[in-house]
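Chemist: One predicted model, sequence on top.
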Amino acid sequence: MSVKIIITAPRGKMGRLITQCAAAREDIEIVGALGPEGRDYIGKDLGDVAMVGRSLGVPVVSDLKEIIDKADVIIDFSTVEEGRRILKQAVAHGKALVCGTTGFTEEDRAAFAEAGKTIPCMLAANTSRLVNILYKLVREAAALAPNTDAEILEMHDAKKLDAPSGTAKELGAFIAEARSQKTEDVTRYGRQGRCPRNDGEIAFHSIRGGDISSSHTVYLVGTGERLELTHHSQSFMCFATGAVDCALYLADKPAGSYTVQDCFGL
């Protein structure tokens, strides 16, 4: 039996790739697609909108209520504002949700945690399998080298909205957790002018340019040596594939707040 999914933002870079990935799988049935109200592709076939190369027999709609009851899982890679609305609808209709949108506030994240009490819910800053292996390695390295200086460098395309990336923030949180620190107490964003490094801080640096798909490096720097843990994505398809895997994972799960690491057994 195939898992029935709804895909949001099908014209976006992630929505397109998720559609292409899901359409090629026999264990997935795309039953709906959601786009922002007023877009010129509302009412058109999802296959055309997402450039799949064939018709999928699924029109793109602008009102989630029209299609939500057809689905088992919603995959949302849209915007913070749209993500908030989709979360409310998922809870109201009892539908599982994989949300890969980044830039949410702490209040938003609390709302996702609350939603996990009634639906299977996954707030996934990064759905790449190898990035989630990087998370595991960073946790272990930070615990084994607690006195090193931690710096995180991330690169993305010129149009990415938030900085640092959600993935970079998660990497920082894992380092802080491994060292029994509170992330908010040790975070620094970039440097300018006279600003010597504070003991124990975790510094974030962001680069934006061109069509860089994604790159993250964690530096653990000691005296006379440094350890670098790096992930480079060659295309966004690794995130799309992971997002579909996460939807399949959530489909038969009870209510709860799940992670990508849960999906990949990490």
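Modeler: Nice, I can see it.
Chemist: what about the strands in the chain?
Modeler: Counting by DSSP state E, one finds strands in the chain at the ranges 3-8, 28-34, 60-61, 73-76, 96-99, 120-123, 149-156, 187-189, 202-208, 214-222, 225-233, 256-258.
Chemist: Quick one: those as CSV, columns for distance to Arg139, mean neighbour count and mean pLDDT too.
Modeler: All C-beta atoms are positioned from the backbone trio N, CA, C, and that covers glycine. CSV is the format used below for the strands of the chain (distance: least, Cβ to Cβ, whole Å; neighbours: other Cβ atoms under 10 Å; pLDDT from 0 to 100):
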stretch, distance to Arg139, mean neighbour count, mean pLDDT
strand 3-8, 30, 26, 97
strand 28-34, 31, 23, 96
strand 60-61, 40, 22, 96
strand 73-76, 27, 28, 98
strand 96-99, 23, 27, 98
strand 120-123, 18, 26, 97
strand 149-156, 12, 22, 97
strand 187-189, 17, 14, 94
strand 202-208, 13, 18, 97
strand 214-222, 11, 19, 97
strand 225-233, 11, 14, 97
strand 256-258, 18, 17, 97
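Chemist: Cross-check the contact I'm expecting between Gly116 and Lys253.
Modeler: No. Shown here, Gly116 and Lys253 do not form a contact pair, counting by Cβ atoms under 8 Å, at 10.4 Å.
Chemist: Give me the phi and psi for the residue located most distally from the centre of the chain.
Modeler: Distance from the C-alpha centroid of the chain, by Cα atoms, centre = their mean, peaks at Gly224 (35.5 Å). The phi and psi values for Gly224, taken as degrees, to the nearest 10, are phi 80, psi 10.
Chemist: Look up how far Val31 lies from the residue nearest to Ile133 when sequence neighbours are not counted.
Modeler: Closest residue in space to Ile133, ignoring its immediate chain neighbours: Leu266 at 6.7 Å, by Cβ to Cβ, 6 or more residues apart in numbering. Relative to Val31, Leu266 is positioned 30 Å away (Cβ to Cβ, to the nearest Å).
Chemist: same thing with Thr127?
Modeler: 21 Å.
Chemist: same deal with Ala143?
Modeler: Distance, Ala143 to Val31, using Cβ to Cβ: 44 Å.
Chemist: do Ile42 as well
Modeler: 17 Å.
Chemist: now do Arg208
Modeler: Counting by Cβ to Cβ - Arg208 and Val31 are separated by 36 Å.
Chemist: What of Val73?
Modeler: From Val73 to Val31 the distance is 10 Å (Cβ to Cβ).
Chemist: before we move on, what about Asp69?
Modeler: 10 Å.
Chemist: for Ala168, same thing?
Modeler: Ala168 sits 34 Å away from Val31, going by Cβ to Cβ.
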